[in-house]
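# Predicted model follows, preceded by the sequence.
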Amino acid sequence: MKTILYFTAILSLFFLFACSDKTSDKGLNNEASLPDALLNKVSGLHVINSSINNKKHTTSLLYGNQIAIERIRANKTDLKKGEKLVRITWQQQSDPNWIGAIISGKLIAFEILEWLPKNQNSNYQKFEGNRMSLKNDTLGNDHSIKIILKQKMAILP
């Protein structure tokens, strides 16, 4: 009888110590999350490709609407009417959960390139910094626009 009682007590202790609070956000990468103000600017868009810059230690994703996807598939470089492209860039960081893995870290830049029907012209906006504020400096915008327009579709199996 004592054996059964000890066995039950030990088994109960194992179950008690096996239970833990797994509700912490340790597994979530909140640093790489988009701010709520910019989240709606990506809604409805599709991922076109991703890129990694090993020299700058950054990771980028390019999103676009259906018009942008059709232009890129046709290998054209001019912005079409109604087209919208969004490029998001993160700093890379080591993954705390997996040894040797690299994940997206701090959000560096959020770029929007779209065709404005009112002006019949393209509009480029770049958000930077900790608060993702609009960058008013236009130096280098042409270079960024050319890079975005030259992007190719990712080839998926």
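It's in. Quick caveat: nothing in here was measured; it's all calculated off a predicted structure.

# which intervals of this protein have sub-threshold pLDDT?
Across the chain, the ranges flagged by pLDDT under 70 are 1, 5-7, 9, 11-27.

# Name whatever forms a beta bridge with Ser51.
According to DSSP bridges, the partner residues bridging Ser51 are Ser60.

# That one: neighbour count?
Residues contacting Ser51 under the criterion other C-beta atoms under 10 Å number 14. For the C-beta atoms, the positions are set from N, CA and C on the backbone; glycine is no exception.

# For my notes, confirm Ile69 occurs in a helix.
Yes. Residue assignment for Ile69, taken from DSSP: H, G, I helix; E, B strand; the rest coil, places it within a helix.

# Give me the phi and psi angles of the spatially closest residue to Ile103 that is not a sequence neighbour.
Leaving aside its chain neighbours, Ile103 sits nearest to Asp95 (4.6 Å; criterion: C-beta to C-beta, 6 or more residues apart in numbering). Dihedral angles phi and psi of Asp95 (degrees, to the nearest 10) take the values phi -80, psi 120.

# So Asp95 sits against Ala101, correct?
Yes. Applying C-beta atoms under 8 Å as the test, Asp95 and Ala101 come out as touching, 3.8 Å apart.

# Between the two, tell me which one has more neighbours.
Set side by side, Asp95 and Ala101 show more neighbours around Asp95, with 14 against 10, by other C-beta under 10 Å.
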